[in-house]
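# sequence-free structure coming up:
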């Protein structure tokens, strides 16, 4: 059984808790998610339905639960915790490499210019996606890898499959 299959089975059985935050924290995460999504929504061009119709509260809650679920899977399946040093480094990376400083400033303002809220609600979800690991087949285990000093991901990468594997 692959690790992905194990994760799905654990989720179905309820072994991996999809909401790893107390109710107060969950409400704060939802509030922050609305603030972030509203900034993105305001930058959309063209005709658009009202924000509340585009992202109703139930959808926001589902998105936050999915983020928390990813964090729980990282912790329970891969044994990877996101440290405060990783959060600080990710926030620094975002600040140093942004191509849209005005939008980043809007996002921070929407989060009350609070570095802790920015790290928790903006940088941490990015780290959940970017945290990799090294698989050890003999032990059937994963060792977390650091993203400190790692190159940025490729953008607009293309590849062509010729059908030949030589």
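Okay, I see it. Here the structure is a predicted model, which is why all the values come from computation and not from measurement.

# what stretches of this protein score poorly on pLDDT?
1-23, 78, 128-137, 140-148, 150-157, 159, 161, 164-166 (pLDDT under 70).

# ok, which stretches of it are strands?
133-136, 141-144 (DSSP state E).

# Can you get me a residue count around residue 139?
A count of nearby residues for residue 139, using other Cβ atoms under 10 Å, gives 8. In this view, the C-beta of every residue, glycine as well, is placed from N, C-alpha and C.

# Please read the previous query as pertaining to residue 162.
6.

# With residue 126 instead?
Residue 126 - counted by other Cβ under 10 Å - has 15 other residues nearby.

# any idea how far residue 118 is from it?
In this view, residue 126 and residue 118 are 11 Å apart by Cβ to Cβ, to the nearest Å.

# How about residue 109?
Applying Cβ to Cβ, one obtains 10 Å for the distance of residue 109 from residue 118.

# more crowded one of those two?
For residue 109 versus residue 118, neighbours defined as other Cβ under 10 Å are more numerous around residue 118 (23 against 11).

# I figured that one was touching residue 111, is that so?
Yes: the pair residue 118 / residue 111 is scored as a contact, 5.2 Å apart, by Cβ atoms under 8 Å.

# Okay, buried residues for stretch 53-71 please.
Neighbour counts over stretch 53-71 (16 or more other Cβ atoms under 10 Å) mark 55, 60, 61, 63, 64, 65, 67, 68, 69, 70, 71 as buried.

# got JSON lines for those, with distance to residue 30 too?
As requested, the buried residues of stretch 53-71 are exported to JSON lines (distance: Cβ to Cβ, whole Å):
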{"residue": "55", "distance to residue 30": "11"}
{"residue": "60", "distance to residue 30": "5"}
{"residue": "61", "distance to residue 30": "6"}
{"residue": "63", "distance to residue 30": "9"}
{"residue": "64", "distance to residue 30": "5"}
{"residue": "65", "distance to residue 30": "9"}
{"residue": "67", "distance to residue 30": "11"}
{"residue": "68", "distance to residue 30": "11"}
{"residue": "69", "distance to residue 30": "15"}
{"residue": "70", "distance to residue 30": "16"}
{"residue": "71", "distance to residue 30": "15"}
